[in-house]
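Participant: my questions are about this predicted structure, shown below with the sequence.
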Amino acid sequence: MDTVEAVRVRILQLCEERDISINRLANLSALAPSSLKSILYGKSKNPTIITIKMICDGLNITLSEFFTSPEFNNLEQEIK
């Protein structure tokens, strides 16, 4: 799994845990739904840390909590 895929999986996991929709998360995060959907549908190949921080703020979690998950422990090498 690469980093962008891990971010996508983690966002979906957190939404499911909290029983919130993608549109609701976008609203809570002050993001356009299209911005969030571009990450989730693979159009955004490099989501910024600021965008991820905004998502964390919307979920009321820290960046550390976001990245503390098995998805980020076994990432593929990005430099190829």
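Facilitator: Sure, I can see it.
Participant: just checking, what packs against the longest helix seen in the chain?
Facilitator: Ordering each helix of the chain by length in residues (DSSP state H) puts helix 3-18 first. Counting contacts by 3 or more C-beta pairs under 8 Å, 6 or more residues apart in numbering; DSSP states H and E, helix 3-18 is packed against helix 22-28, helix 33-40, helix 49-59, helix 63-67, helix 70-73. Using the backbone N, CA and C atoms, a C-beta is placed for each residue, glycine as well.
Participant: ok, residues contacting it?
Facilitator: 1, 21-22, 25, 36, 39-40, 42, 44-47, 52, 55, 59, 61, 66-67, 69, 71-72, 75, 78 (C-beta atoms under 8 Å, 6 or more residues apart in numbering).
Participant: quick one: end-to-end distance for stretch 69-77.
Facilitator: By C-alpha to C-alpha, to the nearest Å, the extent of stretch 69-77 from end to end equals 17 Å.
Participant: chain center to it, what's the gap?
Facilitator: In this view, stretch 69-77 has its centroid 14 Å away from the chain centroid, taken as C-alpha atoms, centre = their mean, to the nearest Å.
Participant: quick one: low-confidence parts of the chain?
Facilitator: For the chain, applying pLDDT under 70 flags no range at all.
Participant: which of the residues in stretch 70-80 are buried?
Facilitator: Neighbour counts over stretch 70-80 (16 or more other C-beta atoms under 10 Å) mark E71 as buried.
Participant: now the end-to-end length of it.
Facilitator: 23 Å.
Participant: rewinding a little: which among the contacts of helix 3-18 count as buried?
Facilitator: Buried subset of the contacts of helix 3-18 (neighbour count, 16+ other C-beta under 10 Å): 25, 36, 39-40, 44, 47, 52, 55, 59, 66, 71.
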